[in-house]
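> okay, sequence plus prediction incoming.
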Amino acid sequence: MTSTARASASADHNALPEHIGHIIFITAAAAMGGFLFGYDSSVINGAVEAIRDKYNIGSGTLAQVIAIALIGCAIGAATAGRIADRIGRIRCMQIAAVMFTVSAVGSALPFALWDLALWRIIGGFAIGMASVIGPAYIAEVSPPAYRGRLASFQQAAIVLGIAVSQLVNYAILKGAHGDQRGHIVGLEAWQVMLGVMVIPAVVYGLLSFAIPESPRFLISVGREQDAKAVLADVEGSDTDLDARVAEIETAMRREHKSTFKDLLGSRGGFLPIVWIGIGLSVFQQLVGINVAFYYSSTLWQSVGINPSSSFFYSFTTSIVNIIGTVIAMIFVDRIGRKPLALIGSTGMAVALALEAWAFSSKSGATLPNTEGTVALIAAHCFVLFFALSWGVIVWVFLGEMFPNKIRAAALGVAASAQWIANWAITASFPSLADWNLSGTYVIYACFATLSIPFVLVFVKETKGKTLEEMG
């Protein structure tokens, strides 16, 4: 492409899209997978103690039932990229929607503990797929100048899903007179909590029929005219469509269908950029964020707070999560990805250290008033700093940082690593908390601190670059 053409394309990239409302609708529809991701991840919070009581199981077994969905997530994330390259992004979304629906119904009507675990694995596979397809699709249909903010929709949907699930759980618990095993519509309250997810799952499936396929996938299967129509729709009619298609085709000619082998360097290990993606994914989880969403009700009950109040605090944490995500969406394209990551890491490290200090004063099943107040404030601050930084920027980075020739496969590996780290934290927390709750938070604070030099040394800013400029 000539310098004049590049300049023209650059101007087109930065022009305000004519149909910004339509672009937002497309992005929001794709991000419904993130909503289900958040909903499914957090809804189990309301069922933890009921499952423990119903099946009379200890902390170790309980943790495995809660965390087993993450194994499905890792498999779904690892395979979603290749499936999407074969059948398209939209078909992947539809498959995930069906699996979400099946999982919701099965989880609400289990006849044994292993049966519940099976349905959670199926739901996890759907979450894993959605965690890969959502960011990839949004990155591929978004105008470059707005991609950061639009990519933030994925995390916004996740935190909204978390908040809605907590609100629904709280309402169901009230309807069951504060008893997680109380009966509503012929089922125990915790079963209703898990089954309600069928509603957003069906909505996600229906919305997938109302949005266009990714222009990059359309070009890859020879449907250039359809790709031009989508590009005109999302980048504006003034865009030089031939130049944009040529730009994408040129990038695609330098690549082939990404496979695991493409991620390996000359010495057999992963390419450095893949390790950086894995590092971002792993650090996002090792700070212990999902403890706040899987176990917060149980955690607050363990330090003397009654069940209804513990559900309320879980909901307020979700509201803080939304506020932080909105802050990130405002600033991700203004100040960049790296500054947000560094601000978040610093804030999380301080908040986690304060939680560790507060929990060190635990005496029996209660905390002293001062330490209890500090623990509650620090927990909310931790979630706030995570939400305004790592909660958003990791998904933005993973959608942007990889060269075209390895993007799908690398994103799948990075997301898979994220789920494995999530599983490790989720499965270990009940046993670690039984051992030493304060020490557990010291570990999380150390990981938050280590993420600072990792970002400073290894992570490059991707703000304002087109996907083709990544290589």
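Structure's in. What do you need? Numbers count the residues shown, from 1 in each chain.

> would you agree residue 441 falls within a strand?
No - assigned with DSSP: H, G, I helix; E, B strand; the rest coil, residue 441 falls outside any strand and is helix.

> quick check: it touching residue 291?
No - the criterion here is C-beta atoms under 8 Å, and residue 441 misses it with residue 291 at 9.1 Å. All C-beta spots, glycine's among them, are computed from the backbone N, C-alpha and C.

> quick one, which of these two is more surrounded?
Neighbours were counted for residue 441 and for residue 291 using other C-beta atoms under 10 Å; residue 441 has more, 28 against 23.

> just give the nearest non-adjacent residue to that one, would you?
Setting aside the residues directly before and after it, residue 441 is nearest to residue 356 in space (C-beta to C-beta, 6 or more residues apart in numbering), at 3.8 Å.

> contact partners for residue 326?
If a contact means C-beta atoms under 8 Å, 6 or more residues apart in numbering, then residue 326 has residue 156 as its contacts.

> could you check how far it is from residue 152?
9 Å (C-beta to C-beta, to the nearest Å).

> quick one on the thing from earlier: number of residues surrounding the residue nearest to residue 441?
Neighbour tally, residue 356, other C-beta under 10 Å: 22.

> okay, and it sits in which element?
Secondary structure from DSSP states H and E places residue 356 in helix 337-359.

> buried ones in that helix, by neighbour count?
337-359 (16 or more other C-beta atoms under 10 Å).

> wait, residue 231 touches residue 246, no?
No - using C-beta under 8 Å, residue 231 is not in contact with residue 246; the gap is 11.6 Å.

> higher neighbour count, those two?
Counted by other C-beta under 10 Å, residue 231 and residue 246 do not tie: residue 231 has more neighbours, with 23 against 14.

> show me the contacts for that one.
215, 239, 241, 244, 245.

> again, 7 Å this time
Residues in contact with residue 231 (C-beta atoms under 7 Å, 6 or more residues apart in numbering) are 215, 239, 241, 244.

> distance of the third one relative to residue 50?
Going back to what we said before, that points to residue 241. Going from residue 241 to residue 50 by C-beta to C-beta gives 56 Å.

> same check on the first one?
Relative to residue 50, residue 215 is positioned 47 Å away (criterion: C-beta to C-beta).

> ok, those two, which is more surrounded?
Neighbour count, other C-beta under 10 Å: between residue 215 and residue 50, residue 215 has more, with 26 against 20.

> which residue packs closest to that one, ignoring adjacent ones?
residue 227 (4.1 Å).

> any idea of the pLDDT on that neighbour?
Predicted confidence (pLDDT) for residue 227: 84.

> please identify which helix or strand holds it.
Assigned by DSSP H and E, residue 227 belongs to helix 224-235.

> so after that helix, what's the next helix or strand?
helix 241-253.

> in that following helix, what's buried?
Quick answer for helix 241-253 (16+ other C-beta under 10 Å): 241, 243, 244, 245, 247, 248, 251.

> quick one, strands of the protein?
183-184, 187-188 (DSSP state E).

> and the first one, what does it pack against?
To tie it back to what came earlier, the one meant is strand 183-184. Using 3 or more C-beta pairs under 7 Å, 6 or more residues apart in numbering; DSSP states H and E, no helix or strand is in contact with strand 183-184.

> low-confidence stretches in the chain?
1-19, 236-237, 254-258, 266, 268, 301-308, 363-365, 464-471 (pLDDT under 70).

> recalculate using a threshold of 50.
1-15 (pLDDT under 50).

> dump the residue contacts of residue 451.
Contacts of residue 451 (C-beta under 7 Å, 6+ apart): 283, 345.

> at 10 Å what do you get?
279-280, 282-284, 286-287, 341-342, 344-346, 348-349, 389-390, 459 (C-beta atoms under 10 Å, 6 or more residues apart in numbering).

> got it, and residue 427?
Residue 427 neighbours (C-beta under 10 Å, 6+ apart): 60, 62, 63, 64, 65, 66, 67, 68, 70, 71.

> cool, and residue 338?
393, 397, 455, 456, 459, 460, 461, 462, 463.

> go with 7 Å
Residue 338 makes contacts with 455, 459, 461, as judged by C-beta under 7 Å, 6+ apart.

> now do residue 248
Residue 248 neighbours (C-beta under 7 Å, 6+ apart): 215, 216, 219.

> one more pass at 10 Å, please.
140, 215, 216, 218, 219, 220, 224, 227, 231, 404, 467, 468.

> now, of the contacts of residue 338, which are buried?
455, 459.

> same list (the contacts of residue 338) but as a markdown table, adding distance to residue 449.
Compiled in a markdown table, those are given as follows (distance: C-beta to C-beta, whole Å):
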| residue | distance to residue 449 |
| --- | --- |
| 455 | 12 |
| 459 | 16 |
| 461 | 22 |
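
> which one of the contacts of residue 338 is nearest residue 318?
residue 455 (26.1 Å; C-beta to C-beta).

> let me see the contact set for the closest residue to that closest one other than its chain neighbours.
With C-beta to C-beta, 6+ apart as the criterion, residue 455 has its nearest non-adjacent residue at 4.8 Å, and that residue is residue 341. For residue 341, the contact set (C-beta under 10 Å, 6+ apart) comprises 280, 283-284, 389-390, 392-394, 397, 451-452, 454-456, 459.

> 8 Å instead, please
389, 390, 393, 451, 455, 459.

> check residue 346 too.
Residue 346 neighbours (C-beta under 8 Å, 6+ apart): 385, 452.

> from residue 340, how far out is it?
11 Å.

> still on that earlier bit, buried subset of the contacts of residue 427, written for ChimeraX?
Only the buried entries of the contacts of residue 427 go into this ChimeraX selection, using 16+ other C-beta under 10 Å:
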select :62,63,64,65,66,67,68,70,71
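
> can I get the contacts of residue 427 in a markdown table including distance to residue 423?
Listed next are the contacts of residue 427 as a markdown table, based on distance: C-beta to C-beta, whole Å:
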| residue | distance to residue 423 |
| --- | --- |
| 60 | 14 |
| 62 | 14 |
| 63 | 10 |
| 64 | 10 |
| 65 | 12 |
| 66 | 10 |
| 67 | 5 |
| 68 | 8 |
| 70 | 4 |
| 71 | 6 |
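
> which ones among the contacts of residue 427 map onto helices?
60, 62, 63, 64, 65, 66, 67, 70, 71 (DSSP state H).

> quick check: the gap between the nearest residue to residue 214 once chain neighbours are set aside and residue 35.
Setting aside the residues directly before and after it, residue 214 is nearest to residue 140 in space (C-beta to C-beta, 6+ apart), at 4.3 Å. From residue 140 across to residue 35, the span is 20 Å (C-beta to C-beta).

> try residue 251
31 Å.

> now residue 103
Taking C-beta to C-beta, one finds residue 103 at 15 Å from residue 35.

> same question for residue 315.
Distance from residue 315 to residue 35, by C-beta to C-beta: 17 Å.
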